[in-house]
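S.K.: no sequence on this one, just coordinates:
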């Protein structure tokens, strides 16, 4: 393990790996990479992208505490670099570190739209909302180049298939044309994650994600286009962002969100040591306090993997956060109605024969 306080990146540590040997990767740095090389600044850790060619694109889920049973992940890894991301441990499956590797060595699936069309064409397929953004962000910077998310949404719009999108990027507004068309028929909803209004916190917690200002503007744009929009305050980080709950709810309501939800900080597998190293680097004055509260919420452990409690937390601290959040939502008129999507309008994609007529 080595320590690396890398400017513009989230993780402060990386762990070596050697189980698998991956082929050479295509370089795809973003504007931060260019900015940091100006005037002789040290070369940054650049973003690399490997093309992945999976056999299927729909992931099935049987977890009883999440509201969907299928999802699409256009990318593996995420350049946003959020230190708390629960998807980080998946990089270990590729013999890569959940630390800096997760946010710098990415995988793109350009064949996802064709795989999606094939999945929706299978005899007996039954529509139910597909979730995008449940693992890594579908609108992270490389989406601007690869456009895999948009191409998948276009197929869902064509087939009138219900969709939910979760993102912390204002890039989602690029696809308002597709999402607004779907929303007219009750087929689309979007959740925008806004975790902190403090730029200092944002720069280290989510270093390459758009600012809260841009995300709130995205909520406004989506809402004004008629797209049901949630504000996600996930995760709530004890002693770092929990004091912002009321301000975040108010800002989301003012931006036009119809509903909001939150999840207390989760630290599964390798995320716990990564998060501890991040605390030691950026918040040494309160690292002990933060982890003490985390353990009180997680039944005395760094993480509680059990269904239901993993999303809600446990004990007095968790109950206090829930109470404050619910009170703020009532005050600002959020969560007044349930946003439900339709599945009865689905029509399978036209095959080669159907396109002749």
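M.R.: Everything's here; your move. What you are looking at is a predicted structure, and each value in this text was computed from that prediction instead of being measured.
S.K.: in stretch 83-92, what's buried?
M.R.: Neighbour counts over stretch 83-92 (16 or more other CB atoms under 10 Å) mark 83, 84, 85, 86, 87, 88, 90, 91, 92 as buried. In this view, the C-beta of every residue, glycine as well, is placed from N, C-alpha and C.
S.K.: need these in TSV with pLDDT, can you?
M.R.: As requested, the buried residues of stretch 83-92 are exported to TSV (pLDDT from 0 to 100):
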residue	pLDDT
83	96
84	95
85	94
86	90
87	93
88	94
90	91
91	93
92	90
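S.K.: can I get those residues in CSV with secondary structure?
M.R.: Converted to CSV, the buried residues of stretch 83-92 look like this (DSSP: H, G, I helix; E, B strand; the rest coil):
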residue, secondary structure
83, coil
84, coil
85, coil
86, coil
87, coil
88, helix
90, helix
91, helix
92, helix
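S.K.: in what helix or strand does residue 134 lie?
M.R.: Under the criterion DSSP states H and E, no helix or strand holds residue 134.
S.K.: and the pLDDT at it?
M.R.: Note on residue 134: pLDDT of 87.
S.K.: quick check: it vs residue 71, distance?
M.R.: Distance from residue 134 to residue 71, counting by CB to CB, to the nearest Å: 5 Å.
S.K.: tell me the strands beside the strand ranked longest in the chain, with direction?
M.R.: Secondary structure of the chain per DSSP state E: the longest strand is strand 229-236. Strand pairing for strand 229-236, using DSSP bridges, gives strand 188-193 (parallel), strand 259-264 (parallel).
S.K.: show me what whichever helix or strand comes after it is packed against.
M.R.: Following strand 229-236 in sequence order, the next helix or strand is helix 245-255 (DSSP H and E). Judged by 3 or more CB pairs under 8 Å, 6 or more residues apart in numbering; DSSP states H and E, the packing partners of helix 245-255 are helix 212-224, strand 229-236, strand 259-264, helix 315-331.
S.K.: from these, which stretch is densest packed?
M.R.: Stretch with highest mean neighbour count among the helices and strands packed on helix 245-255: strand 229-236 (a mean of 24; mean count of other CB atoms under 10 Å).
S.K.: what about that strand, average pLDDT?
M.R.: 96.
S.K.: relative to helix 245-255, how tilted is that strand?
M.R.: Angle of strand 229-236 versus helix 245-255, following axes from the mean of the first three to the mean of the last three CA atoms, to 10 degrees, is 160 degrees.
S.K.: I'd like the numbering to begin with 3 instead of 1 from here.
M.R.: Renumbered: residue one is now 3, and that last one reads strand 231-238.
S.K.: report the inter-axis angle for strand 231-238 versus helix 214-226.
M.R.: Counting by the same axes, to 10 degrees, strand 231-238 lies at 150 degrees to helix 214-226.
S.K.: how far away from the center of its chain is strand 231-238?
M.R.: 10 Å (CA atoms, centre = their mean, to the nearest Å).
S.K.: repeat that for stretch 64-72.
M.R.: For stretch 64-72 - counting by CA atoms, centre = their mean - the centre lies 16 Å from the chain centre.
S.K.: show me what that stretch is in contact with.
M.R.: 60-63, 130-133, 136, 166, 309-310, 312-313 (CB atoms under 8 Å, 6 or more residues apart in numbering).
S.K.: same thing but at 6 Å, please
M.R.: 60, 62, 63, 131, 132, 133, 309, 310, 313 (CB atoms under 6 Å, 6 or more residues apart in numbering).
S.K.: can you pull the pLDDT of the second one?
M.R.: Spelled out, it's residue 62. pLDDT, residue 62: 92.
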